[in-house]
Structure formats: structure tokens, C-alpha cells
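K.L.:
Generate a structure from the sequence data that follows.
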Amino acid sequence: MQVTMINLSMSMMILMTILLRTEAQQESYRRCYTCRSRGDFGDCKDTFSPPPPFNASNPDASLLRHVKENPCYSGWCYKQVDGEIGDSSNNAMERGCMVRKPSDGKERCAYVMKSYKRVFMCFCQGDQCNGVGVLAGRFFIIMI
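P.N.:
Got it, this is the predicted structure:
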């Protein structure tokens with residue numbers, strides 16, 4: 001009887017260890033697209049297309065695009081347009097992960113001052129949420 005209890009205890013300990021290790025290995029963070037490009041050329045502009053999934057038979061294919069899917073521990077992504085919306089000739093588009101979430105915790109798009117420049121910036125919370133266009137999906141803005 002005592003040997004059975006010891007075996008049961010050992011089995012429970014092993015099972016708990018396996019469960020805890022599996023739980024720790026799961027992604028507890030969200031991802032954001034990270035890129036920057038200027039003008040009509042480049043991978044970061046709207047209309048945006050996500051990078052292709054990693055292909056083990058052709059690992060160099062993912063190096064052709066400059067768009068990356070990086071972990072974002074804050075869970076908040078941003079999309080920034082340097083210049084005026086609608087004038088894509090010389091606009092720079094940047095996507096990335098915010099270091100901190102907004103103080104009010106609300107998603108939004110607005111013109112802001114960044115490094116003494118006026119830029120249009122959108123904040124969103126969610127996995128790869130900064131992959132949508134300014135005029136589509138979660139960032140729908142009515143221009144009057």
C-alpha cells in the first residue's frame with residue numbers, strides 16, 4: 001500500500017512538472033508587425049500584406065521582405081504615417097510595438113507631435129492589429 005502511494009505521488013509530481021513546463025512555453029505575449037518604408041515602394045505601405053510564413057525548404061525567402069512579426073510584451077501596436085494622409089508620394093510608414101500602453105487604455109488614431117514633427121499615429125491592442133490600413137478595419141476614419 002505504501003509503495004502504491006509513493007508511486008502515485010511520483011506520477012503526480014511528474015505530471016505537474018510536465019504541465020507547468022508546457023504552460024510556460026506557450027506564447028503569453030502578442031505580436032506586432034515591425035517595418036518602415038517611404039513612398040509608394042516598400043513593404044510597409046498600405047495596402048499592407050503580411051510576411052510569408054517561414055518555409056524551412058527556402059529559409060532565404062523570408063529575408064526578401066523587411067516586414068517582421070516581433071513579440072510585443074505590452075500587447076499594444078502602433079502604425080505611424082509621417083506626412084499627410086492621402087499623399088503617399090513621400091510619406092513614411094512605420095509599424096511597431098509600443099513600449100507602454102496608452103494611459104487611458106483606449107485604441108485611437110490622431111495627429112500627434114513626435115520629435116517636433118506632426119505625424120498621424122494609430123494605437124491598437126491585439127495580435128498583429130497594426131497590419132490593417134488606416135481606412136480599413138479597426139482604424140476606420142471618416143474624412144470630412
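
K.L.:
CA atoms for contacts and neighbours, from now on please.
P.N.:
Noted.

K.L.:
per-residue pLDDT, residue 1?
P.N.:
Listed pLDDT for residue 1 reads 59.

K.L.:
Return the set of buried residues in stretch 40-49.
P.N.:
Neighbour-count burial for stretch 40-49 flags 40, 42, 43, 44, 45, 46 (criterion: 16 or more other C-alpha atoms under 10 Å).

K.L.:
From one end of it to the other, what's the distance?
P.N.:
14 Å (C-alpha to C-alpha, to the nearest Å).

K.L.:
what do you get for stretch 36-48?
P.N.:
12 Å.

K.L.:
where are the low-confidence patches of this structure?
P.N.:
Along the chain, segments meeting pLDDT under 70 span 1-28, 61-65, 86-89, 133-144.

K.L.:
At which residues are the strands of it located?
P.N.:
With strands called from DSSP state E, the chain shows them at 30-38, 68-72, 76-82, 92-97, 108-114, 117-125.

K.L.:
In JSON lines: those strands, plus distance to residue 53.
P.N.:
Compiled in JSON lines, those are given as follows (distance: least, C-alpha to C-alpha, whole Å):
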{"stretch": "strand 30-38", "distance to residue 53": "13"}
{"stretch": "strand 68-72", "distance to residue 53": "10"}
{"stretch": "strand 76-82", "distance to residue 53": "20"}
{"stretch": "strand 92-97", "distance to residue 53": "19"}
{"stretch": "strand 108-114", "distance to residue 53": "29"}
{"stretch": "strand 117-125", "distance to residue 53": "22"}
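
K.L.:
between those, which gets nearest to residue 55?
P.N.:
Of all the strands of the chain, strand 68-72 sits nearest to residue 55, with 14.4 Å by C-alpha to C-alpha.

K.L.:
Grab the CA positions of that closest one and hand them over as PDB.
P.N.:
The C-alpha atoms that make up strand 68-72 are tabulated as PDB, following Å, rounded to 0.1, in the frame of the first residue of the first chain:
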ATOM      1  CA  LYS A  68       8.800  41.200 -39.400                       C
ATOM      2  CA  GLU A  69       6.500  39.700 -36.800                       C
ATOM      3  CA  ASN A  70       8.000  40.600 -33.500                       C
ATOM      4  CA  PRO A  71       6.800  39.800 -30.000                       C
ATOM      5  CA  CYS A  72       5.200  42.700 -28.200                       C
END
